[in-house]
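Novice: need a structure here:
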Amino acid sequence: MRILFLLFVIVPIIEITLLIQVGQLIGVWYTVGLVLLSAFIGVNMLRYQSLATLTRARQRMDQGEIPGQEMAEGIVLAVGGALLVTPGFVTDVVGFCCLIPATRKALVGTVSRHFTVVTSAQRSSSTFSEAQSPFDMPPRQSQAPRQGDIIEGEVTRRD
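Specialist: Next up, the predicted model:
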């Protein structure tokens, strides 16, 4: 909780200080232009990267796999997009790092090592080594109903 408080206090102070220094160095209107340009480029990059991630997620779902990696990347993309819209240079750098595929995948890989994936279909939990990402789930295989399984359905009687 303290770390969030510090982020919400320290990051704006750093951003304001940097904006003032850049404004003094190159001029106010050029600084405003740079902030607007970075937001415009960031939104366009976000749109392209989001569509690519959505396409990969759709392909994995069509193969019967859980698109966990793509879902995690989608969260990072959303955070990166929010940071790019926020005025400032530090948040823009972090936001662009969230949008670049190599750094985004590295970030998701680093964070995913600290999580355990629980699947409700198999009702099992497993931890993964560093070599295997917890978001790469094996493809779901169809199985015949076992004794005690509940199969939901709807019955319509036609005479």
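
Novice: quick check: mean pLDDT of stretch 38-53?
Specialist: Average pLDDT, stretch 38-53: 89.

Novice: what's in contact with it?
Specialist: Residues outside stretch 38-53 that contact it (C-beta atoms under 8 Å, 6 or more residues apart in numbering) are 70, 73-74, 77, 80-81, 84-85, 87, 89, 92, 95-96, 99, 101, 104. From N, CA and C alone the C-beta is placed, and that goes for glycine too.

Novice: give me the buried subset of the residues you listed.
Specialist: 70, 73-74, 77, 80-81, 84, 87, 89, 92, 95-96, 99, 104 (16 or more other C-beta atoms under 10 Å).

Novice: these in strands, which ones?
Specialist: Nothing among the buried ones among the contacts of stretch 38-53 maps onto strands, per DSSP state E.

Novice: closest to residue 14 among these?
Specialist: Nearest to residue 14 among the buried ones among the contacts of stretch 38-53, counting by C-beta to C-beta, is residue 89 at 9.2 Å.

Novice: tell me the contacts of the nearest residue to that closest one once chain neighbours are set aside?
Specialist: The shortest distance from residue 89 to any non-neighbouring residue, by C-beta to C-beta, 6 or more residues apart in numbering, is to residue 18 (5.3 Å). By C-beta under 8 Å, 6+ apart, the contact set of residue 18 is 88, 89, 90.

Novice: avg pLDDT for the host helix or strand of residue 18?
Specialist: Using DSSP states H and E, residue 18 maps to helix 2-26. If you average the pLDDT over helix 2-26, you get 91.

Novice: same deal with stretch 87-101?
Specialist: Stretch 87-101 comes out at a mean pLDDT of 91.
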